[in-house]
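Asker: Could you look at this predicted model? Sequence included:
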Amino acid sequence: MVKKLHLRAIFFVALFCFATFGMTNAQPTPMLAKPVVDQRVELLSLVFRLAGNPEYNMEMFSLYVERIKKHFEAHKDHPLIRYINTDLKENGVMFDAVMQMALNITPPPQMEPIVPFTDKIPEARWGKEKATEFLKLLNQFYVDADCATFFEANQDLYEVAVKRFLVVYDELDLDWYKRFYGTQPKGHFSIVIGLGNGGANYGVKRITPEGEEIVYAVMGTWTVDPEGMPIYQKDGYLPTMIHEFNHSFVNHLVEQYQDDLKPACEQLFVPVAEQMSRQAYPSWLFMTNESVVRAAVIKYMIDHNFDPQSITQETITQIDRGFLWTKELVEELERYDQKRDTYPTLESYMPPLAAFFEKVASNVDHLTAEIDKRRPKIIEIKPFANGDQQVDPTIKKIEFIFDQPLTGEGYSINTGEKGMEAFPEVSDIAFSEDKQTLILMVALKPGKDYEMVFTGRSFRSKTGYSMNPYPVSFRTKK
């Protein structure tokens, strides 16, 4: 059966670990445990929400977020929250590092390290001393904020989430990972549903003291039904889950071969550094992990007969996110899969993969130029030019003409550096019939600076390529 999935622009971060919610006696299967909500994940998510971390302050599941605010707002000045802001953020303890801590401690009410903390456990950004102090304050917070009552009161939400996530869980083909990578974890897979994580998803892999490998996908919750309850469609959540499990097979290989990969991938990182940083990938190492993982998702789609349009669109989506070499990298993974007699595992193929990145790095300027040719561009503004300092304030209509027709699906115009004060008052916005001109009906004031930025979030070509950010500024006559 042909499958069709459109991957959404969901926030991805990588790393993985152990999780259950109030079900400490439940034993995961050797392959894939049923999805669970984990009290530790929810607890760490909400304390970093109280500390103001943007990645833990998404409000897609507003019903649950309001319950969090109502119960915990009075505890925003707790010593734990102050410690996060004064001692942890400066070390970069955010994003995946938070989930790494959550999944390296025992469940409440008395949380302890599953294995002794070191400077690398639960994660290098924590450090042994800060991790130990944080856990002490976390146990204090659990009691002071009466967290047990909160989790008990929300059991209904957790049960609904677990039941509804099964439609995604049942679709995952775990055998593909063994076939494609040529290896499999020494333990099992598991899925944790993060109700407070919004659109953020994390992967964590942990080795237990007994040598068992536990691979986890921490899945956010970013869609709700008309009643405000969480709902999980295969379109979006399944590809995200495929992505997160890929990390457990890829990250350690990139780290193991980083001496071979670093020269070329550092070079590739330079032109896309800003774009990568906006996605929480601050170095060439993060970028390389994500490059391989995202190409592997497309390989999964190919191997499972997803329709060609979905595969093409997903490839373009990753190119738009700065992974300019995605199409070529997918082709490289296809070559690996066709030579399994010579390369039985992806690990055995890492030297050719490093050579691939060297070739891409030597050709990145040409690759960038070719992709830019496909991106839509504003070629004319009527009735004035971009940057004009003598615009007639009585004009009511501004036209933005593109070099090609767009999809005509939505608009994405942001404020510039001068903020909303400099954003024009817009009474109507629409595309021309041929979708090549955007028309803004405006009310301008004399002697005023105006500024806005067109972005590629909605302004895309018919083939799926997004425009690069395009700032527009002008000043009206007095």
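Answerer: Cool, the structure landed.
Asker: Please state the offset of stretch 253-272 from the chain centre?
Answerer: Offset of stretch 253-272 from its chain centre (C-alpha atoms, centre = their mean, to the nearest Å): 21 Å.
Asker: Please identify the buried residues of that stretch?
Answerer: Leu253, Val254, Tyr257, Asp260, Leu261, Lys262, Ala264, Cys265, Gln267, Leu268, Phe269, Val272 (16 or more other C-beta atoms under 10 Å). For the C-beta atoms, the positions are set from N, CA and C on the backbone; glycine is no exception.
Asker: Just name the closest of these to Val293, please.
Answerer: Among the buried residues of stretch 253-272, Val254 lies closest to Val293 (C-beta to C-beta), at 9.5 Å.
Asker: where does the closest one land in three-state SS?
Answerer: helix (DSSP: H, G, I helix; E, B strand; the rest coil).
Asker: What pLDDT is listed against it?
Answerer: You'll see Val254 listed with a pLDDT of 96.
Asker: give the contact list for it.
Answerer: Leu261, Leu285, Thr288, Asn289, Val292 (C-beta atoms under 8 Å, 6 or more residues apart in numbering).
Asker: rerun that using 10 Å as the cut-off
Answerer: Residues near Val254 by C-beta atoms under 10 Å, 6 or more residues apart in numbering: 247, 260-262, 265, 284-293, 350, 353-354.
Asker: The buried residues of stretch 253-272 into JSON lines, with extra columns for distance to Ser62?
Answerer: Formatted as JSON lines, the buried residues of stretch 253-272 follow (distance: C-beta to C-beta, whole Å):
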{"residue": "Leu253", "distance to Ser62": "40"}
{"residue": "Val254", "distance to Ser62": "37"}
{"residue": "Tyr257", "distance to Ser62": "44"}
{"residue": "Asp260", "distance to Ser62": "47"}
{"residue": "Leu261", "distance to Ser62": "42"}
{"residue": "Lys262", "distance to Ser62": "43"}
{"residue": "Ala264", "distance to Ser62": "44"}
{"residue": "Cys265", "distance to Ser62": "40"}
{"residue": "Gln267", "distance to Ser62": "44"}
{"residue": "Leu268", "distance to Ser62": "39"}
{"residue": "Phe269", "distance to Ser62": "37"}
{"residue": "Val272", "distance to Ser62": "34"}
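Asker: Just give me the closest of those residues to Val218.
Answerer: Using C-beta to C-beta, Val254 is the member of the buried residues of stretch 253-272 that lies nearest Val218, at 20.3 Å.
Asker: continuing past the helix or strand of the chain with the lowest mean pLDDT, what's the next helix or strand?
Answerer: Lowest by mean pLDDT, DSSP states H and E among the helices and strands of the chain is strand 11-12, with a mean of 38. With elements assigned by DSSP states H and E, the helix or strand that comes after strand 11-12 is helix 39-50.
Asker: Which other helices and strands does that following helix contact?
Answerer: Packing partners of helix 39-50 (3 or more C-beta pairs under 10 Å, 6 or more residues apart in numbering; DSSP states H and E): helix 62-72, helix 79-83, helix 96-102, helix 128-144, helix 147-153, strand 188-193, strand 213-219.
Asker: Please parse this structure into its domains.
Answerer: Domain segmentation of the chain under automatic domain parsing yields 11-219, 257-372, 378-475.
Asker: what ranges of this structure fall below the confidence cut-off?
Answerer: Counting by pLDDT under 70, the chain shows low-confidence ranges at 1-31, 185-187.
Asker: How much space separates Met241 from Asp87?
Answerer: Computed as C-beta to C-beta, to the nearest Å, the Met241 to Asp87 distance reads 34 Å.
Asker: More neighbours: which of those two?
Answerer: When Met241 and Asp87 are compared for neighbours, Met241 comes out ahead with 24 against 14, by other C-beta atoms under 10 Å.
Asker: which residues touch the more buried one?
Answerer: Met241 neighbours (C-beta under 10 Å, 6+ apart): 35, 165, 168-169, 171-172, 189, 191, 201, 203, 217, 219, 232, 234.
Asker: Save these as CSV, and put in distance to Tyr336 too.
Answerer: Output for those, formatted as CSV (distance: C-beta to C-beta, whole Å):
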residue, distance to Tyr336
Pro35, 31
Phe165, 32
Val168, 28
Tyr169, 29
Glu171, 25
Leu172, 22
Phe189, 23
Ile191, 27
Asn201, 26
Gly203, 22
Ala217, 24
Met219, 28
Tyr232, 32
Lys234, 27
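Asker: hmm, back to that, closest to Cys147 out of the buried residues of stretch 253-272?
Answerer: Using C-beta to C-beta, Val254 comes nearest to Cys147 of the buried residues of stretch 253-272, at 37.1 Å.
Asker: show me what contacts Asn363?
Answerer: Asn363 neighbours (C-beta under 10 Å, 6+ apart): Trp325, Glu328, Glu370.
Asker: The first one: neighbour count?
Answerer: Going back to what we said before, that points to Trp325. There are 23 residues near Trp325, going by other C-beta under 10 Å.
Asker: surely it meets His366?
Answerer: No: with contact defined as C-beta atoms under 10 Å, Trp325 does not reach His366; the gap is 11.5 Å.
Asker: how about the helices in the stretch 251-400 of the chain?
Answerer: Along the stretch 251-400 of the chain, the stretches classed as helices by DSSP state H, counting those that start in this stretch are 258-278, 284-303, 308-320, 326-338, 350-362, 364-374.
Asker: Among those helices, which comes closest to Glu380?
Answerer: Once the helices of the stretch 251-400 of the chain are compared by C-beta to C-beta, helix 364-374 is nearest, at 18.4 Å.
Asker: residues contacting Thr415?
Answerer: Counting by C-beta under 10 Å, 6+ apart, the residues that Thr415 touches are Glu421, Ala422, Phe423, Glu451, Met452, Val453.
Asker: now do 7 Å
Answerer: Contact analysis of Thr415 by C-beta atoms under 7 Å, 6 or more residues apart in numbering lists Phe423, Met452.
Asker: okay, the one helix or strand Ser248 maps to in CSV with CA atoms only?
Answerer: Assigned by DSSP H and E, Ser248 belongs to helix 234-256. What follows is helix 234-256, C-alpha atoms only, in CSV (Å, rounded to 0.1, in the frame of the first residue of the first chain):
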residue,chain,number,x,y,z
LYS,A,234,0.4,9.4,11.8
ASP,A,235,1.1,12.4,9.6
GLY,A,236,3.8,14.2,11.7
TYR,A,237,4.2,12.0,14.7
LEU,A,238,5.3,8.8,12.9
PRO,A,239,8.1,10.5,10.9
THR,A,240,9.2,12.3,14.0
MET,A,241,9.4,9.0,15.9
ILE,A,242,11.3,7.4,13.0
HIS,A,243,13.7,10.4,13.2
GLU,A,244,14.4,10.1,16.9
PHE,A,245,15.1,6.4,16.9
ASN,A,246,17.6,6.9,14.0
HIS,A,247,19.7,9.0,16.4
SER,A,248,20.6,6.0,18.5
PHE,A,249,22.2,4.4,15.5
VAL,A,250,23.9,7.5,14.1
ASN,A,251,25.2,9.7,16.8
HIS,A,252,27.8,7.4,18.2
LEU,A,253,29.1,6.6,14.7
VAL,A,254,29.5,10.3,13.9
GLU,A,255,31.3,10.8,17.2
GLN,A,256,33.5,7.7,16.7
